[in-house]
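Enquirer: Build me a structure from this.
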Amino acid sequence: MESAQSDGSLPPVASPRRGSRWWRRLRQNRTAIAAGLVLILIACGAAVASWVTPFDPNLGGSLRDGLQGPSQRYWLGTDQVGRDILTRVLFGSRYALLAGIQATTIALVIGVPLGLTMGYYRGWVDRLLLRFVEAAVALPAIVLALVIVSVAGPGLTRAMMAIGLVYSMVIARLARGLVIVAREEVYVDGAKTVGNGATRIMWRHILPNIAPALIVQTTLLFATAVLAEAGLSLLGVGASTNQASWGRMLADARNSLNESIWPAIPPGLAVFATVLAFNTLGDGLRDAFAREARGGRLGIATVTARPTSTAPTSPPSDPDSMMSVRDLEVAFPAIDGPGDVRVVQDFSLDVGRGEVVALVGESGSGKSVAAMSLVGLVPDPGRATAGSIMLDGQELVGLDFESLRNVRGTKVGYVFQEPSAALNPAFTVGRQIGESLREHAGMTKSQARRRAIELLDRVGIPDPHLRIDSYPHQFSGGMAQRVVVAMALACSPRFLVADEPTTALDVTVQGQVLDLIDGLRREFGLSVLLITHDLGVVSDLADRVAVMYAGQIVESGPLHEVFRSPGHPYTEGLLLAVPRNVRRERSLPTIPGVVPPPAEWPTGCHFGSRCAYVEPECHTSAIGLTVGQRQVRCRRADELTLVGIDRPTSRGIS
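Expert: Residues are numbered from 1 along each chain as shown. As a prediction, this is how the structure comes out:
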């Protein structure tokens, strides 16, 4: 529990423990850590080989010392000419690691610039280089390396240069594919707009974003390089006779197989252990860099006791509601420390049948994450838990993926704020609308097409029988948003989530989309959860409003009551910041500061650091929502008289 300082301000927030998330996740992978320890042991053996053994790796003893088994003098026995096998294995680790370093370094030095160039410039440069890369990758690495060595001559360094050249084609092809995806991202366009050149964009902006995949591939190539060195040395074109590599040891052991198989076992196990360790570490790095898939299911919340001094945070649910949520919490792994950060806390909300409830608040308050979590769509690596989520009488908490999939397809429709991201550019809009109809309604292809045309006509798409075969890029922003609405309504859901459906639209199109949603609500009796920043949109469409700040609902109630007589200082700040059609002598009021990051949210009032009415007691403990038609999360709600808006009209705020 946090206590306030003498001036009523919060104590400084302790910085989270430093450490990258990928490293923390890698440490939790015991198999990968064990593989890393094996590699460290091999590297240490290579480093101290000259000091831990009294034998020369290339000089044998007398003939009577040949092909001896493990003993107190020779821990791993001797080969056919009396050389100590343990000594040669330790020195061989040097050549194995050296071979891997040489091959992967050459692969990265050649492959990364080549892949960046191919993926970024595309065009004839890409086509020309790609043919060469594909031809090189099509041939087995060992075969191509043998061809190169036959021309350049045998030797460990030459062999690894040949292997590195082959592997550079693998790196180039991987980098090219990653760059093709990355170059279309918005951050690349932003780098271009500030005047960055192609070289800087490739190396300073794109490369850091594709580096994790290249790191994982490098560990795997290191393992195959060790294996390739052993194979080439076994064939006599790698390490020379005076280099105690594992491949050369296997080649020497081949000559004495009729007498003893033992000299081949230690170097064979060394190659096996090294390759397995690198592959296992590569798998661990892949999992550490990958997104942690924990979402997609609603877990059951663990209800903890709350201080008796605070009001109950979970008002009783309304049995007649279309959607009733209690104690929803969403957590994401902490970026710079252990544990999770709760980005949505103590979220309870009811949406009545045929009712529009607006969820408002500044960016970063958690509105979209909370709405997506209602149907198990919390983005990975997030994890959602709730005490109860009832949708039209069905409990969603604890449902498996298949059950939630059926709910999403039939009972819930979702209108995303970015139609360009919600629509698949590779398919026509008709196919995307019909996909849900065929999957959940069991329609044939022709039936789904007819129904899709009806839906496009209903949402106001002109000439729907022609536009059904159009692709998303052929629609304007407003028309694309109408297509998203048609997709959401395909299977006649009873509950619609509209996540800022008018954010990227101009005022005229915005009004058309709002009228469309309102008309569909009245026609089909939809219950709508509307997420928006625009209080004018709220006053135009909503029956009730819920105000969200820093992961919590701080106030909810009937629209006109909340707007005319707000109960929470944050609601008052939002309403005062709304432009009005009146003459103003001073600048438009604003709420000082910004929404703090989730890791810095205090135990007490989340709005306390920006509130003009804050008192020291506001920071002492968690604050719950009051129970009733009006719900407020404020310790001073009963004593404050806050300023609202006199006339929130049906067509905006005046």
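Enquirer: can we go C-alpha only for contacts and neighbour counts from here?
Expert: OK.
Enquirer: Would you mind naming the residues that bridge with residue 357?
Expert: Per DSSP bridges, the residues bridged to residue 357 are residue 529, residue 544.
Enquirer: how about it, what does it touch?
Expert: Contact analysis of residue 357 by Cα atoms under 8 Å, 6 or more residues apart in numbering lists 351, 528-530, 542-546.
Enquirer: and what of residue 465?
Expert: Counting by Cα under 8 Å, 6+ apart, residue 465 makes contact with residue 453.
Enquirer: quick one, phi/psi of it?
Expert: phi -70, psi -20 (degrees, to the nearest 10).
Enquirer: same thing with residue 67?
Expert: phi 50, psi 40.
Enquirer: burial measure for it, as a count.
Expert: 23 (other Cα atoms under 10 Å).
Enquirer: Could you check how far it is from residue 253?
Expert: Look at residue 67 and residue 253: by Cα to Cα, to the nearest Å, they are 10 Å apart.
Enquirer: tell me, what's touching the two both at once?
Expert: What both residue 67 and residue 253 touch, as defined by Cα under 8 Å, 6+ apart, is the set 79-80, 263.
Enquirer: Would you mind giving those residues as TSV with neighbour count and distance to residue 626 added?
Expert: Formatted as TSV, the shared contacts of residue 67 and residue 253 follow (neighbours: other Cα atoms under 10 Å; distance: Cα to Cα, whole Å):
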residue	neighbour count	distance to residue 626
79	25	84
80	20	87
263	25	79
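Enquirer: Buried ones among the contacts of residue 357?
Expert: 351, 528-530, 542-546 (16 or more other Cα atoms under 10 Å).
Enquirer: What ranges in the stretch 451-600 of the chain fall below the confidence cut-off?
Expert: The model of the stretch 451-600 of the chain has pLDDT under 70 over residues 504, 581-585.
Enquirer: For it, which segments are assigned as strands?
Expert: Applying DSSP state E, counting those that start in this stretch to the stretch 451-600 of the chain gives strands spanning 495-499, 527-532, 544-549, 552-558.
Enquirer: Just send these back as JSON lines, with distance to residue 361 too.
Expert: Formatted as JSON lines, the strands of the stretch 451-600 of the chain follow (distance: least, Cα to Cα, whole Å):
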{"stretch": "strand 495-499", "distance to residue 361": "13"}
{"stretch": "strand 527-532", "distance to residue 361": "8"}
{"stretch": "strand 544-549", "distance to residue 361": "5"}
{"stretch": "strand 552-558", "distance to residue 361": "9"}
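Enquirer: Could you pick out the longest helix of the chain?
Expert: Identified as the longest helix of the chain according to DSSP state H is helix 85-121.
Enquirer: and after it, which helix or strand comes next?
Expert: Sequence-wise, the next helix or strand downstream of helix 85-121 (DSSP states H and E) is helix 123-138.
Enquirer: next one: that following helix to chain centre, how far?
Expert: Centroid separation between helix 123-138 and its chain, computed with Cα atoms, centre = their mean, to the nearest Å, is 31 Å.
Enquirer: Which residues does it contact?
Expert: Here helix 123-138 makes contact (Cα under 8 Å, 6+ apart) with 117-119, 144, 166, 169-170, 172-173.
Enquirer: So which of those residues sits lowest on pLDDT?
Expert: pLDDT across the contacts of helix 123-138 is lowest for residue 144, at 74.
Enquirer: Find the residue closest to that one in space, skipping its chain neighbours.
Expert: With sequence-adjacent residues excluded and distances taken as Cα to Cα, 6 or more residues apart in numbering, residue 144 is closest to residue 166, at 7.3 Å.
Enquirer: Look up how far residue 134 lies from the one you found.
Expert: With Cα to Cα as the criterion, residue 166 and residue 134 are 11 Å apart.
Enquirer: And those two? Which one has more around it.
Expert: residue 166 (25 against 13).
Enquirer: which ones are touching that one?
Expert: Residue 166 neighbours (Cα under 8 Å, 6+ apart): 107, 136-137, 141, 144-145.
Enquirer: Just the strands from the stretch 201-350 of the chain, written as ranges.
Expert: Using DSSP E, counting those that start in this stretch, the strands of the stretch 201-350 of the chain run over 298-300, 321-333, 340-352.
Enquirer: Run through the helices of the stretch 451-600 of the chain in chain order.
Expert: For the stretch 451-600 of the chain, helices defined by DSSP state H, counting those that start in this stretch occupy the ranges 464-467, 477-488, 507-524, 535-541, 559-564, 569-576.
Enquirer: Could you identify which of the ones you listed is most buried?
Expert: Of those, the one with the most neighbours on average (mean count of other Cα atoms under 10 Å) is helix 477-488, at a mean of 25.
Enquirer: mind checking which helix or strand of the protein has the lowest mean pLDDT?
Expert: Every helix and strand of the chain was ranked by mean pLDDT, DSSP states H and E. The lowest is strand 648-649, at a mean of 58.
Enquirer: Can you list the low-confidence ranges for the stretch 301-450 of the chain?
Expert: Using pLDDT under 70, the flagged stretches of the stretch 301-450 of the chain are 301-318, 336-338.
Enquirer: about what we covered before: helix or strand for the residue nearest to residue 144, just tell me which one.
Expert: Taking DSSP H and E as the criterion, residue 166 maps to helix 156-182.
Enquirer: now the angle between helix 123-138 and that helix, please.
Expert: For helix 156-182 against helix 123-138, the angle by axes from the mean of the first three to the mean of the last three Cα atoms, to 10 degrees is 130 degrees.
Enquirer: Would you mark the buried spots in helix 156-182?
Expert: Residues of helix 156-182 classed as buried: 156-180, 182 (neighbour count, 16+ other Cα under 10 Å).
Enquirer: Skipping adjacent residues, who's closest to residue 169 in space?
Expert: In this structure, residue 169 finds its nearest non-sequential neighbour in residue 133, 5.4 Å apart by Cα to Cα, 6+ apart.
Enquirer: Report pLDDT for that neighbour.
Expert: Looking at residue 133, its pLDDT is 85.
Enquirer: Having no further points to raise, I will conclude here.
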